[in-house]
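Peer 1: Quick one, what's the 3D model for this:
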Amino acid sequence: MMQRVNLTRNLFGRLRSPPAGNVPRLLPALQAYGGIQTLAARAPQASQTLGRIGSLEVRLARNAAEVRQAQKLRYRVFYEEGSAVPNPARLLARRDVDSYDAICDHLLVVDHTSRERGPLNRPAVVGTYRLLRQPLAEEYGGFYTAGEFDIGGLVGRHCQLQFLELGRSCVLPEYRNKRTVELLWHGIHAYVLQNRCGVMIGCASIEGTDPSRLALPLSFLHHYSRAPEQWRAQALPERYVEMNRLSKEAIDPKAALRALPPLLKGYLRLGAYIGDGAVIDHEFGTTDVLIVLPMSVIQKRYIEHFDLSRRAA
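Peer 2: I've put the predicted structure just below:
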């Protein structure tokens, strides 16, 4: 069982190459299944509303029950709707749970006109993102992304910036519209400002585990969005899948964009870079690419769009 990370250890050693699922300690695992966050992970802004459009509100989960609601939503989208294969514990709980849930903040979109079944009559959670701040990642053994990509050098080259990991994004089918997505990004933008984050990273997924069938989107990302050297990180050697499968001349950019999932296209619109190499995630039935999104590259018009103080709710 992994010992608690010594905070005096070199940052690169913590973030370079932890194995997949690299926070397997017993206490975070038990906390995660209860929806309980570690004390250090409880953001002081959790009680604040980050934004609202009509009946939809974006904010952080305020208690264990709301974290469990987010886990139920993730299970419904990833396992029941999608092609992910649950392990016995997740199948029994009917929730998507891992140890990272105990050290992350959980961004929620709740619909106040829709209620979850149960005696407490809570507003329904219809969208979620999982957010992991760098100080928590350092303390508890590394980012989730480090189980797929060697990000130690990337973090080290930009040690003056705070990294924020985005993950486990999902929205109920009936809420997959511009309003919900914009509200999630309003929340992320507010969270980034509150925590003074300079770079967002994470794994973005493309449905399917056969790279030959994904040659068009993977090659498009390689030729058109590959990170410049200073922002580049590579898939771990043992998991590396070549993305350069078609020549640039053979790519129809419009067709390639149509083959990308909406979330990934959204990252590209903001100016995100793509890492070197993809990774097959057999549990979730996806092929993952690394997203690197420095705040400095996001166009001003998007920053203004995410700022709720400039818009009427």
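
Peer 1: Spit out the contact partners of the residue nearest to Gln48 when sequence neighbours are not counted.
Peer 2: If the residues on either side of it in the chain are set aside, Gln48 comes closest to Arg59, at 6.6 Å by C-beta to C-beta, 6 or more residues apart in numbering. For every residue, glycine as well, the C-beta is placed using N, CA and C. The contact partners of Arg59, taken as C-beta atoms under 8 Å, 6 or more residues apart in numbering, are 46, 48-50, 107-108, 110, 187.

Peer 1: Next: Glu57.
Peer 2: 49, 51, 109-110, 112, 123, 183.

Peer 1: how about those residues, which pair is most distant?
Peer 2: Farthest pair in the contacts of Glu57 (C-beta to C-beta) is Gly51 and Pro123. Separation: 15.0 Å.

Peer 1: ok so, going back, CSV for the contacts of Arg59, including neighbour count, secondary structure and distance to Ala233?
Peer 2: Shown next, in CSV, are the contacts of Arg59 (neighbours: other C-beta atoms under 10 Å; DSSP: H, G, I helix; E, B strand; the rest coil; distance: C-beta to C-beta, whole Å):
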residue, neighbour count, secondary structure, distance to Ala233
Ala46, 15, coil, 30
Gln48, 13, coil, 33
Thr49, 14, strand, 35
Leu50, 22, strand, 29
Leu107, 25, strand, 24
Leu108, 25, strand, 29
Val110, 22, strand, 34
Gly187, 25, helix, 26
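
Peer 1: re the thing from before, compare neighbour counts for Gly51 and Pro123 and give me the winner.
Peer 2: Higher neighbour count among Gly51 and Pro123: Gly51, with 24 against 19, using other C-beta atoms under 10 Å.

Peer 1: is it fair to say the more buried one lies in a helix?
Peer 2: No: counting by DSSP: H, G, I helix; E, B strand; the rest coil, Gly51 is not part of a helix but strand.

Peer 1: Could you report the separation of it from Glu81?
Peer 2: Note on Gly51: its distance to Glu81, by C-beta to C-beta, to the nearest Å, is 26 Å.

Peer 1: before we move on, what about Arg90?
Peer 2: 15 Å.

Peer 1: Leu183 reaches Gly51, doesn't it?
Peer 2: Yes: counting by C-beta atoms under 8 Å, Leu183 does reach Gly51; the two are 5.9 Å apart.
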